[in-house]
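Participant: What shape does this take:
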Amino acid sequence: MAKSTRGRVNAPGDGTSGLGMVVRFTPKARSEGVQQLEKGGFRVASSKDFRSAVAVPNDFEGADVQYFERFGIAIVRRDGERLKPMLQNAMQRKVVSAARPERSYRALGGPLTKRLDLAQATAGGVAAPLDRDYLLGYRDAVNELVDRLLGKKGAEGLVARAAFDETSNTWGLQAIRAIESDLSGAGIKVAILDTGFDETHQDFVGRSVTKKLFATRSSEGDVHGHGTHCIGTACGPLRPTSGPRYGIAHEAEIYAGKVLGDDGFGTDRSIIAGMEWALDEGCHVISMSLGAATQIGDAPSDDYEQIGQVCLDAGTLVVAAAGNESSRPQQIAPVGSPANASTILGVGAVDRSFVPASFSCGGLNPGQEVDIAAPGVDIFSSLPDDKYDRWDGTSMATPHVAGVAALIAQSDPKFRGWALWARLIQLTKPLSSPGRDVGKGLLQARGSGEV
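Facilitator: Model (predicted):
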């Protein structure tokens, strides 16, 4: 694939105004449901029609409907008024289980420098830029003071705070013990569904990379940078060209599905298409650093519950970012979609003090907990055009989990799907924060008894 054309950047949210309907068929009536759409005058394109294409056509080659056979889900893009009576009839006859409007999803991470810029505003104007290290130190000092005032104490088995020397390895890789593992992810396929990937980056020359474009009206490369950063953490090199080691599964096979456009936004159509592609390609791990905000009282999407189940049953683990909508300690937002599905491993972010990142969402809705926590603040990784930067987000925590999942999957063929999920949870280290915010604890690449 050619590198991205940097002049083709969409405005935020572009391509989401004409969203369709997500229709989920009853398992035993899928064929009947598709036939009913066709009889109603809707042209249906099956996802299998585009399996050999390097990109899914923006307009489904003129089709009104894209049908995802493995998941039993269709997305209808045109003539919603004509669809309504057909859906009502299909639901009465139990051909269709549910239907909902298509949603928009976004990348859940960004440059640390942009977050620090927010601290420069003053009542009288704009202050001179504050030193990054000063701000990080100030934040850690405040966290320490709050913990002392709340009476938090260390407990047996808790992960101790540490000063990380990043000369050779990023703090995230040290915290999760990835640098202690002899595994490399060799033979494991990891799909990162994101904003694309700059496979020409100096640190990835010679790696096995498979790419496919799903995002609507988007260039082929990674204009945004989010995908290249996430792939760097999950599958970056053992010995990068410069700087510390930042990647985990350095010999894993990379599958980069561009499901988010140049603006960092995508829809159910692109995301579900990417998930089905990864499943068809035999990927062992699917990593999605993306999501849509939810509200208190919202239920998980039954569509992603079903999709996650299909993936797990096929031996594929799906991990997703919990969301960045919180503003701790004042406000905690519930885990976003699709990470709130019980069949998708939801990942929260912690900082260097192993406390929840200020932005990281929590399990406020019943049954929609964070499942596991990983480093997500001040994360150094790759960017397009041979660059590097430090980013924040549950997006940055998620590829830590995907990379470690690849190592564990390599260690034993039995660790697939649900078994891989269980092993990741088994290896966590408990944290002092509530399970609502950090799940079972901090991700670890090795158990305490392993040598």
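
Participant: got the phi/psi numbers for the residue nearest to Ser208 when sequence neighbours are not counted?
Facilitator: Nearest residue to Ser208, sequence neighbours excluded (CB to CB, 6 or more residues apart in numbering): Glu253, at 4.4 Å. From N, CA and C alone the C-beta is placed, and that goes for glycine too. Geometry field for Glu253 lists phi and psi as phi -80, psi 130, criterion degrees, to the nearest 10.

Participant: Glu253 contacts Ile188, correct?
Facilitator: Yes. Assessed by CB atoms under 8 Å, Glu253 is found in contact with Ile188 at 6.9 Å.

Participant: any low-confidence regions in this structure?
Facilitator: Using pLDDT under 70 as the threshold, the predicted model of the chain has low-confidence ranges 1-18, 58-59, 112-162, 447-451.

Participant: who does the residue nearest to Ser208 bridge with?
Facilitator: Lys189 (DSSP bridges).

Participant: Report how many residues lie close to it.
Facilitator: Residues contacting Glu253 under the criterion other CB atoms under 10 Å number 22.

Participant: Same check on Arg352?
Facilitator: When counting by other CB under 10 Å, one arrives at 19 neighbours for Arg352.

Participant: Likewise for Glu38?
Facilitator: For Glu38, the neighbour count with other CB under 10 Å is 13.

Participant: That one: which element?
Facilitator: Take DSSP states H and E as the rule and Glu38 turns out to sit in helix 30-39.

Participant: ditto for Ala320
Facilitator: Assignment of secondary structure by DSSP H and E places Ala320 within strand 317-321.

Participant: coming back round to it: how much space separates the residue nearest to Ser208 from Thr398?
Facilitator: Distance of Glu253 to Thr398, computed by CB to CB, to the nearest Å: 19 Å.

Participant: quick check: domain ranges of this structure?
Facilitator: 21-101, 171-438 (automatic domain parsing).

Participant: hmm, back to that, any idea how far the residue nearest to Ser208 lies from Thr233?
Facilitator: Relative to Thr233, Glu253 is positioned 16 Å away (criterion: CB to CB).

Participant: cool, and Val22?
Facilitator: Summarising the geometry, the distance separating Val22 from Thr233, computed by CB to CB, is 30 Å.

Participant: which one of these two has more residues nearby?
Facilitator: Of the pair Val22 and Thr233, Thr233 is the one with more neighbours under other CB under 10 Å, namely 35 against 21.

Participant: Once you drop chain neighbours, what's closest to that one?
Facilitator: Closest residue in space to Thr233, ignoring its immediate chain neighbours: Pro399 at 3.9 Å, by CB to CB, 6+ apart.

Participant: looking at it, that neighbour is touching Gly227, isn't it?
Facilitator: No. Counting by CB under 8 Å, no contact exists between Pro399 and Gly227, whose distance comes to 10.0 Å.

Participant: any residues in contact with both of the two?
Facilitator: Any residue near both Pro399 and Gly227 by CB atoms under 8 Å, 6 or more residues apart in numbering counts here, and that gives Ile192.
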